[in-house]
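Asker: predicted coordinates and the sequence they were generated for:
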Amino acid sequence: MDKKTPWEVLSQINVNDHIEKKNGLTYLSWAWAWGQLKNHYPEATYKYHWFESDGCKLPYCIDSSGNAYVVVSVTVDGYELEEILPVLNFNNKPLQNPNSFDVNKAHKRCLTKAIALHGLGHYIYAGEDLPENADDDDTDLEDMDLPEDTTEENIYEDIKVEIIERLSQMFQGGEQEAVKHIRGLSKKEASECFKEVKNLWKENISILNEMKEKSANDYDSIVEQFKPIQANLKERIK
């Protein structure tokens, strides 16, 4: 019997239990996808592409309009396939001057789509519900536990999580880690850090004001994360 190609193997895997929908788009867990790929093809590799810009290398490229893109290649059983993806914000709009969090998130999404080019989860990007040869499964689609469309409340929850994650990344952890980090800063370093925290709030001020009216609990959760960090930074700057 001839050896099956990666596409023939991976395209038959049902990924429905590992997808979610955000802002009308379908996502497959990158960690699960990579784990499945390595289970079937242990020698599989991926590569983030780097680009020259003003004398330094960046893990993304910029088009003539200033929009950012990432490029990821995945090699499976000797086949290398490349995917390109724009860096998007939480509203799925192209970003200019993305921060490290935005680029990292885009890389993971792009990695998942590059894996899909080899077959794993490809059908979800084609708008289908099951892999082509899943007819042997007697389960009706109506009975399957598939993610529902994103509600407005879920959108605010996603935004809350994203903002808090970006805040945590500044201090490589939660509130306790942040306080420890701040105590070790000089006044100058604390002042710079305070500006970064303030800019993070200002960058998202429009959606935060909207969230304050439409999803007060999510807004309050974000405020509770910012307040102690802001207070400790101010104390350190004195």
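Answerer: That came through fine.
Asker: could you use CA atoms for every contact and neighbour count after this?
Answerer: Fine.
Asker: for Ala126, grab the count of nearby residues.
Answerer: 8 (other CA atoms under 10 Å).
Asker: look up how far Ile159 lies from it.
Answerer: 27 Å (CA to CA, to the nearest Å).
Asker: tell me the SS of Ile163?
Answerer: Under the three-state scheme (DSSP: H, G, I helix; E, B strand; the rest coil), Ile163 adopts helix.
Asker: which pLDDT value goes with Ala68?
Answerer: At Ala68, the pLDDT value in this model is 93.
Asker: could you name the specific helix or strand carrying Lys198?
Answerer: helix 187-203 (DSSP states H and E).
Asker: quick one: mean pLDDT for the helix or strand that that helix is followed by?
Answerer: Sequence order places helix 205-214 as the next helix or strand after helix 187-203, per DSSP H and E. For helix 205-214, mean pLDDT is 83.
Asker: what angle separates the helix or strand following helix 205-214 from helix 205-214?
Answerer: For helix 205-214, the following helix or strand on the C-terminal side (DSSP H and E) is helix 216-237. Counting by axes from the mean of the first three to the mean of the last three CA atoms, to 10 degrees, helix 216-237 lies at 130 degrees to helix 205-214.
Asker: contact partners of helix 216-237?
Answerer: 156-157, 160, 163-164, 175, 178-179, 182-183, 185-188, 190-191, 193-194, 197, 208, 211-212 (CA atoms under 8 Å, 6 or more residues apart in numbering).
Asker: next: stretch 35-52.
Answerer: Contacts of stretch 35-52 (CA under 8 Å, 6+ apart): 10, 57-61, 70-77, 107, 111, 115, 120.
Asker: which among those residues count as buried?
Answerer: 10, 59-61, 70-76, 107, 111, 115, 120 (16 or more other CA atoms under 10 Å).
Asker: burial of Pro6, as a residue count?
Answerer: 18.
Asker: just the buried residues of the contacts of helix 216-237.
Answerer: 156-157, 160, 163-164, 175, 178-179, 182, 185, 187, 190-191, 193-194, 197, 208, 211.
Asker: shaky segments in the chain?
Answerer: 1, 22-25, 90-91, 127-155, 158, 169, 171-175 (pLDDT under 70).
Asker: how's it carved up into domains?
Answerer: 6-143, 152-237 (automatic domain parsing).
Asker: what sits against the residue positioned nearest the centre of the chain?
Answerer: Among the residues of the chain, the one closest to the centroid is Lys105, at 3.1 Å (CA atoms, centre = their mean). With contact set as CA under 8 Å, 6+ apart, Lys105 has no partners.
Asker: cool, thanks, talk later.
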